[in-house]
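> What follows is a predicted structure for the sequence shown.
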Amino acid sequence: MRQGDLVSATSLSRADVETVLDHAAAIAADPESWRERHAGTLLALCFFEPSTRTRMSFDAAMKRLGGRTIDMGAVESSSVTKGETLADTMRVLEGYADALVLRHPSEGAATMAAEFVDVPLVNAGDGAGQHPTQTLLDLYTIRENAGLDDITVGIMGDLKYGRTVHSLSAALTNFDARQHFISPESLQLPRSVRYDLHESGAQVREHTDLDGVLPELDVLYVTRIQRERFPDENEYRKVAGQYRIDTDDLRDANDSLTVLHPLPRVDEIAPEVDDTEHAKYFEQAHNGVPIRMALLDMLLGDGSRGDR
């Protein structure tokens, strides 16, 4: 992974994942020693979709490594509104920075953009496709709380459009993890994702109800039903609010169950769950900084374009 791109979690081997997680743990243990690691380095934040956690944690990560960031700002105020293509935009922006972070509403955008630039590019989410850095912080949080071998993981909510789901499920195939997918039939895993999981030999089960599988779970990964991904508002309304958990639902859970959520949440996790030992989703969000520090450090190498 050193001095390259990260566009999909499917490209990550177990060794890749463990290297990033170990590096992040070392950074988290002694963040002060990394503060000048990439002084003079400039990271471009290219967000064509809204973001809070991913944008700000990449910003924080680069600055905590001693570097700086530039931000293309809102799409509405950019040349995209004039018809500029993504390829042209990225070709321009690579001349302003040492690395690029791209979020885009079109699936496959990061893969395409990487073909046009010579600096490291990180996919910060491409439509309903992939979100590999979210997956790395998810795995880091799972490892900290439940370990990554001989575990049972339930993934619930929007499995069809959820890029965090597609990335995490692929990465978990590198570990001894049994995966249960809970969703309404209309939001089940895409056929392509299901096929890839079966081809990898993953232990996969699909359900429409959480109750029957909850007692088995070490980790419950809850996702938001994403209104913005639905082509039809009526289809969204049919499934909105169907999959929620509260403290009553968790009575049958293992005492050590870890509840995660990539955030933002709407109403799929009741606020009362926040005060339980199960809730680790804010810790999960905070882990985005050391994970992205580790990733940027590995991709940038010694921090100069000449090293590529």
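Everything's here; your move. Just so we're clear, the structure is a prediction, and the values are computed from it rather than from any experiment.
> pretty sure P132 contacts V17?
No. Using C-beta atoms under 8 Å, P132 is not in contact with V17; the gap is 10.1 Å. Every C-beta, even on glycine, is put in place using the N, C-alpha and C of the backbone.
> Just give me the neighbour total for A28.
17 (other C-beta atoms under 10 Å).
> So it sits against I291, correct?
No. Look at A28 against I291 with C-beta under 8 Å: they stay out of range, at 9.0 Å.
> where do the contact lists of those two overlap?
Shared contacts of A28 and I291, defined by C-beta atoms under 8 Å, 6 or more residues apart in numbering, are absent.
> who's more crowded, P132 and V17?
Legend: neighbour count by other C-beta under 10 Å for P132 and V17, higher for P132 (27 against 22).
> For that one, which non-adjacent residue is spatially closest?
Leaving aside its sequence neighbours, P132 sits nearest to A9 (C-beta to C-beta, 6 or more residues apart in numbering; 4.3 Å).
> circling back to that earlier point, find residues that contact each of P132 and V17.
Shared contacts of P132 and V17, defined by C-beta under 8 Å, 6+ apart, comprise A171.
> got a list of what the residue nearest to P132 touches?
Q130, H131, P132, T135, H166, S167, L168, A170, A171.
> could you redo the last one with a cut-off of 10 Å?
The contact partners of A9, by C-beta atoms under 10 Å, 6 or more residues apart in numbering, come to 16-17, 123, 130-136, 138-139, 163-164, 166-174.
> what about the strands in the stretch 201-308 of the chain?
203-207, 219-222, 258-260 (DSSP state E, counting those that start in this stretch).
> want to throw those into JSON lines with mean pLDDT, mean neighbour count and distance to K280?
As requested, the strands of the stretch 201-308 of the chain are arranged in JSON lines below (pLDDT from 0 to 100; neighbours: other C-beta atoms under 10 Å; distance: least, C-beta to C-beta, whole Å):
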{"stretch": "strand 203-207", "mean pLDDT": "89", "mean neighbour count": "15", "distance to K280": "22"}
{"stretch": "strand 219-222", "mean pLDDT": "98", "mean neighbour count": "26", "distance to K280": "9"}
{"stretch": "strand 258-260", "mean pLDDT": "98", "mean neighbour count": "26", "distance to K280": "5"}
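> Could I get these in a markdown table, plus columns for distance to S192?
Listed next are those as a markdown table, based on distance: least, C-beta to C-beta, whole Å:
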| stretch | distance to S192 |
| --- | --- |
| strand 203-207 | 14 |
| strand 219-222 | 20 |
| strand 258-260 | 24 |
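> Ok, which of those strands comes nearest E32?
When the strands of the stretch 201-308 of the chain are compared by C-beta to C-beta, strand 258-260 sits nearest E32, at 28.4 Å.
> Could you list every helix and strand in contact with the closest one?
Contact here means 3 or more C-beta pairs under 10 Å, 6 or more residues apart in numbering; DSSP states H and E; on that basis strand 258-260 packs against helix 132-145, strand 151-156, strand 219-222, helix 281-286.
> helices and strands of this structure: which one bottoms out on pLDDT?
Ranking every helix and strand in the chain by mean pLDDT, DSSP states H and E puts helix 233-239 at the bottom, with a mean of 65.
> which intervals of the chain have sub-threshold pLDDT?
Applying pLDDT under 70 to the chain flags the ranges 1-3, 226-241, 302-308.
> Now with 90, please.
Applying pLDDT under 90 to the chain flags residues 1-4, 72-83, 127-129, 158, 160-161, 184-187, 201-204, 224-244, 266-267, 301-308.
> so where do the helices sit in it?
14-29, 53-64, 86-93, 109-114, 132-145, 163-172, 191-199, 233-239, 281-286, 288-300 (DSSP state H).
> Distance from the last one to the middle of the chain?
Right, helix 288-300. When distances are taken as C-alpha atoms, centre = their mean, to the nearest Å, helix 288-300 is centred 13 Å away from the chain's centroid.
> Then the first one?
The gap between the average C-alpha position of helix 14-29 and the chain average comes to 16 Å, counting by C-alpha atoms, centre = their mean.
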